[in-house]
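Trainee: sequence and predicted structure below; questions after.
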Amino acid sequence: MNPINKIRNWFIGEALAKTDDVFEKGKIELLFNFSCLFLLLSFGFYFTSLHAPWFQKFLSIQGIVLLLGVIVTLKTTKNILWASYTYIFSHSLQSLGFLIFGNGVISPLAIPFLILYISFGFLLLGRKWGYLLTFISIVTVCLAVYNTHTGYSLYFFPGGEKLKEPPEILLLIPLLLNAYLVSHFLKARLKAEKQIEEQKRELEKSHFELEQKNKDTIASINYASRIQQAMLPTEENILRGIPLSFVLYKPRDIVCGDFYWFHPIDSDNYIIVCADCTGHGVPGALMTMIGNSLLNQIVIDGSITAPAKILDELDKRISGTLKQQKQHDSLIQDSMDLALLKVNKKERELIFCGAKRPCIYLHNGQLTEFKGNKYTLGGLSEAKTFEETRQKYQEDDVIYLFTDGYADQFGGDENKKYLIKHFREILEKIHSLPMTEQKAKLNTAIENWKKQNTQTDDILVIGIKF
């Protein structure tokens, strides 16, 4: 790097590094270049005005000081805005100072420099500043013309007529500077358009790659959904074991964090489970796979059919599978809320056991809510004891197992939760209807409540009529 570039980089390198905007970089470079050029001209003007009136020396000295201020501002603040203000202030004092101290005499150099002054306002600070500087320049020229072409002078400085102007050959300087100013910004614009085009191509490429990854991800999740659906009991299997029943299953996402499980122990006994795993989507779906697998191991392979013992064993196995011990480095706090129902058709008895999930039982139109135990399955907690609720049932009694997704759905006129209160009310209204109609009524009710809202959580409701 040559010495000039080293000096330039020392002054404006950090300011340039602060922005990726091509126009912003162009402004910084332009302001620095012009400040350095005018600084050199100001030094030359000072040495030529050693024997000139005091105000000419003053103008040259203040020009040097303010232009140094522009460069120092760029270096210290790295802010083009404040440096531009300083430059405009310097240029204003120089241009207006010559007109005022020269008693309003407009030299051939004044107009091109005023045009340069206005151009800087537009290009460095924007349209409003450009209009403001245009207005100031017009007013100043009008006052200068009035001062020199009427008999009523607004101001007069003795010796102002002796104000030494540079040779008229130097008229080329502001003309060339105006040309450089315009060409610099045209160059910056072309560079910016090229940069925008390159960014557009990169964005399109990134968008295409992201779209492909999204398609692959959606395809994988759709395939996972098919696996999850295959894991769930089929409607035919459930209806064979429980003819008067329905399952309303509405995943929030492609895959679901709620699941149901059914096992006919023998011709007189069956177990059905309604479970809600931590989260929804992919994390929840992985937990459903674990829950389904562990229930198969405990009930089918292990022949454990007592509801409380099933939950106790399931709690231990979830904690063991997820390594939920305090001393483990990567503790996973995922858990499962679950309602389990065992029915003995011969004895006409149901046994309910819940882990933070209740169930609703209707007998002769009277609603009873069986509370679940306060413990969730898995996670760290104190020693757990799961208690069972036993109930003799009669023909046409109905029981409902459900997760919290239905009651937690936002909607209605005030965009509030549906709430367990309204859920109980609708069950009381529909419990005597055929089970297929009950399922349809529940689905219609929650869709009407939801309206245009997205589904809040996974929804699972199981209804059984005895």
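Mentor: That came through, no problem. Numbering: from 1, shown residues only.
Trainee: flag every buried residue along stretch 215-227.
Mentor: Using 16 or more other CB atoms under 10 Å as the test for burial, stretch 215-227 gives 221, 224, 225. Quick note: C-beta positions are derived from backbone N, CA and C, even for glycine.
Trainee: where's the last one, which helix or strand?
Mentor: Using DSSP states H and E, residue 225 maps to helix 172-231.
Trainee: that helix packs against which elements?
Mentor: helix 22-48, helix 110-120, helix 281-295 (3 or more CB pairs under 8 Å, 6 or more residues apart in numbering; DSSP states H and E).
Trainee: can I get those helices in JSON lines with mean neighbour count and distance to residue 65?
Mentor: Shown next, in JSON lines, are the helices and strands packed on helix 172-231 (neighbours: other CB atoms under 10 Å; distance: least, CB to CB, whole Å):
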{"stretch": "helix 22-48", "mean neighbour count": "18", "distance to residue 65": "9"}
{"stretch": "helix 110-120", "mean neighbour count": "19", "distance to residue 65": "18"}
{"stretch": "helix 281-295", "mean neighbour count": "20", "distance to residue 65": "66"}
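Trainee: now distance to residue 75 and mean pLDDT too, for the ones you listed, in JSON lines please.
Mentor: Conversion of these to JSON lines gives the following (distance: least, CB to CB, whole Å; pLDDT from 0 to 100):
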{"stretch": "helix 22-48", "distance to residue 75": "10", "mean pLDDT": "78"}
{"stretch": "helix 110-120", "distance to residue 75": "20", "mean pLDDT": "80"}
{"stretch": "helix 281-295", "distance to residue 75": "52", "mean pLDDT": "86"}
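Trainee: closest to residue 13 out of these?
Mentor: If you check each of these against residue 13 by CB to CB, helix 22-48 wins as the nearest, at 10.0 Å.
Trainee: so that closest one versus helix 172-231, what angle?
Mentor: Interaxial angle, helix 22-48 versus helix 172-231 (axes from the mean of the first three to the mean of the last three CA atoms, to 10 degrees): 160 degrees.
Trainee: quick one: the closest residue to residue 244 other than its chain neighbours and residue 245, what's the gap?
Mentor: Nearest in space to residue 244, with sequence neighbours left out and distances taken as CB to CB, 6 or more residues apart in numbering, is residue 465 at 3.9 Å. Distance of residue 465 to residue 245, given as CB to CB, to the nearest Å: 7 Å.
Trainee: go on, residue 350?
Mentor: From residue 350 to residue 245 the distance is 13 Å (CB to CB).
Trainee: next one: residue 348
Mentor: Noted for residue 348: a distance of 16 Å to residue 245, by CB to CB.
Trainee: so between those two, which is more surrounded?
Mentor: residue 245 (20 against 14; other CB atoms under 10 Å).
Trainee: that one pairs with what?
Mentor: For residue 245, the beta-bridge partners are residue 464 (DSSP bridges).
Trainee: verify the contact between residue 218 and residue 254 for me.
Mentor: Yes - using CB atoms under 8 Å, residue 218 is in contact with residue 254, at 7.5 Å.
Trainee: tell me the contacts of residue 370?
Mentor: 352, 354, 358, 359, 360, 361, 389, 391 (CB atoms under 8 Å, 6 or more residues apart in numbering).
Trainee: can you rerun that using 6 Å?
Mentor: Residues in contact with residue 370 (CB atoms under 6 Å, 6 or more residues apart in numbering) are 352, 358, 359, 389.
Trainee: and of the residues you listed, the nearest to residue 310?
Mentor: For those, the nearest to residue 310 is residue 352 (12.1 Å; CB to CB).
Trainee: tell me the secondary structure for that closest one?
Mentor: strand (DSSP: H, G, I helix; E, B strand; the rest coil).
Trainee: the one 3 residues further on too?
Mentor: Assigned by three-state DSSP, the conformation of residue 355 is strand.
Trainee: surely it and residue 377 touch.
Mentor: Yes - proximity of residue 355 to residue 377 meets the contact threshold set by CB atoms under 6 Å, at 4.8 Å.
Trainee: which neighbours do those two share?
Mentor: By CB under 6 Å, 6+ apart, the residues touching both residue 355 and residue 377 are residue 338.
Trainee: one step back: common neighbours of residue 465 and residue 245, please.
Mentor: residue 435.
Trainee: now do the strands in this structure.
Mentor: 245-250, 258-264, 269-277, 336-344, 349-355, 359-363, 366-370, 389-392, 398-402, 410-411, 416-417, 459-465 (DSSP state E).
Trainee: got a markdown table for these, with mean pLDDT and distance to residue 212 too?
Mentor: Converted to a markdown table, those look like this (pLDDT from 0 to 100; distance: least, CB to CB, whole Å):
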| stretch | mean pLDDT | distance to residue 212 |
| --- | --- | --- |
| strand 245-250 | 94 | 30 |
| strand 258-264 | 93 | 31 |
| strand 269-277 | 94 | 31 |
| strand 336-344 | 94 | 35 |
| strand 349-355 | 94 | 42 |
| strand 359-363 | 95 | 46 |
| strand 366-370 | 94 | 50 |
| strand 389-392 | 94 | 53 |
| strand 398-402 | 96 | 40 |
| strand 410-411 | 93 | 34 |
| strand 416-417 | 92 | 39 |
| strand 459-465 | 95 | 32 |
